[in-house]
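*Asks:* how does the following fold in three dimensions:
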Amino acid sequence: MALVATILLAMAGVIGRRRRWFWRAVGTGASVLVVGVIVVGAAFALFFEQAFELFHELFFPPGTYMFDPRTDRLVQLFPDQFWSETSVAIAMAVLILAVVVAVGARRLGREPIDASVSAAPVSEPHR
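*Replies:* Numbering: from 1, shown residues only. Take a look at the predicted model:
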């Protein structure tokens, strides 16, 4: 998904060139992602059991995500600590990348538009 998103962003960048609206939109999207990661992270930190249950009810068929650590190899090979640490690492990577993209896009969105890319020519005032 990250590769597809990167390709789509690059294609949109080529199409949008150096237009301010494009970089403002990218900055807004990245900012929304930052807020979303923080909210979901806080929900998991404060209400782990409920968030875990909701996540699995949404993305997995009923009864397929409850494992017995005494008999099921999946949770023996990948214990709770693995999933916790992996989730935190992924969330931090997404958060850092989103902040970098948001800051970079905001800076590009403030730069003057190239005259060659401008949609309408600038006309001289009438005397």
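*Asks:* please count neighbours and contacts with C-alpha atoms only from this point.
*Replies:* Fine.
*Asks:* F55 versus the residue nearest to A91 when sequence neighbours are not counted, what's the distance?
*Replies:* Of all residues not flanking A91 in the chain, V37 sits nearest, at 6.7 Å (C-alpha to C-alpha, 6 or more residues apart in numbering). Separation of V37 from F55 (C-alpha to C-alpha, to the nearest Å): 14 Å.
*Asks:* okay, the two: which has more neighbours?
*Replies:* V37 (17 against 12; other C-alpha atoms under 10 Å).
*Asks:* mean confidence score for the helix or strand that contains that one?
*Replies:* In this assignment (DSSP states H and E), V37 forms part of helix 20-46. The predicted model assigns helix 20-46 a mean pLDDT of 90.
*Asks:* ok, then the element right after that helix?
*Replies:* Assigned by DSSP H and E, the successor of helix 20-46 is helix 48-59.
*Asks:* ok, back up a step: how much space separates the residue nearest to A91 from F44?
*Replies:* 10 Å.
*Asks:* and for R107?
*Replies:* 32 Å.
*Asks:* equivalent analysis for Q76, please.
*Replies:* For Q76 relative to F44 (C-alpha to C-alpha), the value is 23 Å.
*Asks:* and if you look at L54?
*Replies:* From L54 over to F44 (counting by C-alpha to C-alpha), the distance is 10 Å.
*Asks:* which of those two has more residues huddled nearby?
*Replies:* More crowded of L54 and F44, by other C-alpha under 10 Å: F44, with 15 against 11.
*Asks:* which stretches of the protein have low pLDDT?
*Replies:* 17, 112-127 (pLDDT under 70).
*Asks:* sticking with R18, tell me its helix or strand.
*Replies:* R18 belongs to no helix or strand, assigned by DSSP H and E.
*Asks:* how many other residues sit next to it?
*Replies:* 18.
*Asks:* next: A42.
*Replies:* A42: 12 surrounding residues under other C-alpha under 10 Å.
*Asks:* what is the strand or helix carrying T86 packed up against?
*Replies:* Here T86, judged by DSSP H and E, is contained in helix 80-110. Under the contact definition 3 or more C-alpha pairs under 8 Å, 6 or more residues apart in numbering; DSSP states H and E, helix 80-110 sits against helix 20-46.
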